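Asker: Curious how this folds, go ahead:
(chains A and B)
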Amino acid sequence: MPQPDAKAPSPRAEVKAVALVSSGRHPVSGRAGRAREDARAVEMGLSLAGADLSLVHAGDPEDASLRECLEGYLGMFHGLDDERDGALSLLPMQAGDDAVPLLAAWLERSGVQLALTGQRAECGEGSGMVGYLLAERLGWSIATGVAAIERCDARSVTVLQALPQGQRRRLEVRLPCLIAVDSVAEAPRQSAFGPARRGRIDTVDDRLPAGEKRPDVANVDWQWQPARARPKRLKVVKSTNARDRFKAAAAKSSASGGQVLTDLTPEQAAEKLIDYLRAEKIIADTGESSAGES
Amino acid sequence: MSVRRIDPHAERARRNRLHPRHHEFARPAWRWTSSEGVTRVNPHALGAIGPNGIKRIDRSGASVEASPVSASQASAEPARRQIVIDQPAGHVVVVPELPEGRLGDHDKDLFGLARQLADGRDLAVTAITFLSGVTGFEDAGADRVVDLAATVAEGYDPEARLAALVAVERALTPQHWIFADALPDGGDLGRRLGARLAARGAADARPATRVWQLNDGRTLSRAGDRQDILRDVARVLLALPECAEPVSETRHEARRIDLAATDEASPVAGDQATTLGVIDRGRVAVDPQEIPLAQAPFILSAGRGVSDWEGYHHAARVLGASEGASRVAVDDGYMVRTRQVGATGTFVTASCYVAVGISGAVQHLQGIAKCQRVIAINNDPSCDMVKRADLALIADGDAVLAAVCERLGQPRDGDGESWQTEESQHAAA
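Answerer: I've put the predicted structure just below:
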């Protein structure tokens, strides 16, 4: 993907950055590991803050595959300026608990200004709501679909947001903020075995008020089932007339009222082409300059 | 010559003199049996007036008499029923994406989903737009339209939009909110609204994301890790494309409603003063050659009909288009394999596709099936690409591209410096 600032020196953050990570599943084998978008968020954080980046995860410490997932992120702490090992704060909770109050309390206490995360989790509901609920609760700003961080200073961070059709938009986000990283961000570095083994996982004993810590009750009457393939939409021709229906079913896809211009000199053809492109706003209207954005 | 078709409903109405629409279909009989059992013929009711004013009786069966039935059969689309809801019991609010300022396929699916929720419960489907001058809400299925273009500035400002939506929530208290689950627009706004409503104490405001089916009053939404969630219809729904069939049989009034300004003005201003977290700094110029071919918005594609390859590359630079190629051009070594368009290469989704010297093999046409506008430049007026194209120019591709560059002020001869400026512009971006 295009990263227009790829050649610029990587911006060093003076602010304290953290990556919120979740456990992932391999899309084919279903094996536990790092989540793809969260790994991109960690990569972005490493290029921004180096080994100062801290990681946080709220999960069930009894879960057998959790260590494997988290080591996937800790193993990314290599190839940096200073050879420190990664550290991850694990906020213990039960499987059915709400992670938002835990994370919010931790973020408030730790004095973090910039939190990076993926857009959606790969396990569980995967609604992508955690970032929004956190931002709402803490009063932070949030930007989603971020492809790259261009600049980061003490007050704000300038990011590029990924739009459809490979386009980019520049946003300035006030700190403290939460940034959801898009899947077109820079690919994450591999997780290495040594740093993964050396990385620390600290279980943080939370001191939440008793009323805050509660199971997530919104999902008690949900019914989980294996994902079904979505049905292909059929092309239905609504016509009272059997002849039209048959014609539509048997028709080969053909011209839909296209305009054919013959007997043109190249100059005339070029003029027609440019007029069409300008009328459809594919190229800019003003003479020499050409912009490919539509 | 159209084929004569028999409409059984019309036939039945014609036979039954007590049918309420009998007079529409009944033709004056020209032959009947009288009560005495004598066959009577009315010569004036027989035949049709020909084009030069003379009555003709055609017994060959070749001509078909004009009747109201055949006129209604001629239209391919059946007429839509007009639906008017004067006093709705509530609202189902849809926030369409409006790509390029008009209703897209995803938006029409959202309205279809909203109609499924609204019909039978006397609810009105209300569309909310942040753009003025959008048309087509009547056929899409909106009973009401709220135009918020005045309250929200142009550009990406999710927080101002959220404040406007909160004001709508206060004014209408809709039963359901429906957003398109597409980042970074509808999905972002819907999640923001869900979080804001949940923070304000609405326990049921947690949105259902990635909804793809509505069945018996429950929604199926796709979760992570190859699971689906079957749950009751949430208050805020973020729906995937093809979540429901678009409205096709009814037509709605799309009445503009104005929310009371007094309700709206003060809280919006207050919210904006405190939080202006995300500021739009405008679009960034992207090098078109760096965009993955499958996503590129504007592709200039070359095939066997191109012989001046330097001129072609120059034209792509001048137009700001991504480069594509047919299989022949790739096999002949003029273009790299990653640029090949078609079923054996990349399926492209460009909004404008210019095919220069490509005749249009079946595999290539499959690859460009999702392109919105296709322009063909070809010597052969009978080739398949010309049949597919929205605009076909029958001319030599090389000459046309050279003329295009000349007309845009950047001819290829003696243009060393203009190339460099173009390239440095991309590098700087």
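
Asker: where do the strands sit along the stretch 101-250 of chain A?
Answerer: Secondary structure of the stretch 101-250 of chain A (DSSP state E, counting those that start in this stretch): strands at A:114-118, A:141-152, A:156-162, A:168-174, A:177-181, A:200-203, A:223-226.

Asker: the domain parsing of the chain - what is it?
Answerer: Using chain A here. Listed domain ranges for chain A are A:17-203, A:258-294 (source: automatic domain parsing).

Asker: sorry, should have said chain B
Answerer: B:8-74, B:81-274, B:298-428.

Asker: Reformat those as CSV; add distance to residue A:96 and mean neighbour count.
Answerer: Yep, even glycine has a C-beta here, placed from its N, CA and C like the rest. Shown next, in CSV, are the domains of chain B (distance: least, C-beta to C-beta, whole Å; neighbours: other C-beta atoms under 10 Å in any protein chain shown):
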stretch, distance to residue A:96, mean neighbour count
domain B:8-74, 60, 11
domain B:81-274, 15, 19
domain B:298-428, 41, 20
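
Asker: Could you tell me the least trusted of those?
Answerer: Mean pLDDT is lowest for domain B:8-74 among those, at a mean of 71.

Asker: could you measure residue A:83 against chain B, distance?
Answerer: As for residue A:83, its distance to chain B is 33 Å (criterion: C-beta to the nearest C-beta, to the nearest Å).

Asker: neighbours around that residue, how many?
Answerer: 10 (other C-beta atoms under 10 Å in any protein chain shown).

Asker: Name the SS class of it, please.
Answerer: State at residue A:83, reduced to three classes by DSSP: H, G, I helix; E, B strand; the rest coil: coil.

Asker: where does it fall, phi/psi-wise?
Answerer: phi -90, psi 60 (degrees, to the nearest 10).

Asker: Tell me which of the domains of chain A is the most buried.
Answerer: When the domains of chain A are scored by mean count of other C-beta atoms under 10 Å in any protein chain shown, the highest mean neighbour count falls to domain A:17-203 (a mean of 20).

Asker: Leaving out the residues flanking it, which one is nearest to the residue nearest the centre of chain B?
Answerer: In chain B, the residue lying closest to the centroid (C-alpha atoms, centre = their mean) is residue B:104, at 3.8 Å. Spatially, and ignoring its direct neighbours in sequence, residue B:104 is nearest to residue B:97 (6.1 Å; C-beta to C-beta, 6 or more residues apart in numbering or on different chains).

Asker: before we move on, what about residue B:330?
Answerer: residue B:340 (4.6 Å).

Asker: So residue B:295 sits against residue A:162, correct?
Answerer: No - judged on C-beta atoms under 8 Å, residue B:295 makes no contact with residue A:162 at a distance of 10.0 Å.

Asker: related to what we said a few turns ago, the residue nearest to residue B:104 contacts residue B:109, doesn't it?
Answerer: No - using C-beta under 8 Å as the test, residue B:97 is too far from residue B:109 to be in contact (10.7 Å).

Asker: Who does the closest residue to residue B:284 other than its chain neighbours form a beta bridge with?
Answerer: If the residues on either side of it in the chain are set aside, residue B:284 comes closest to residue A:168, at 4.2 Å by C-beta to C-beta, 6+ apart. Residue A:168 has these beta-bridge partners by DSSP bridges: residue A:162, residue B:284.

Asker: check contacts around the one residue in the stretch 1-150 of chain A that gets nearest to chain B.
Answerer: Proximity of the stretch 1-150 of chain A to chain B (C-beta to the nearest C-beta) peaks at residue A:141, 2.5 Å away. By C-beta atoms under 8 Å, 6 or more residues apart in numbering or on different chains, the contact list for residue A:141 reads A:135, A:173, A:174, A:175, A:176, A:177, A:178, B:159, B:275, B:277, B:278.
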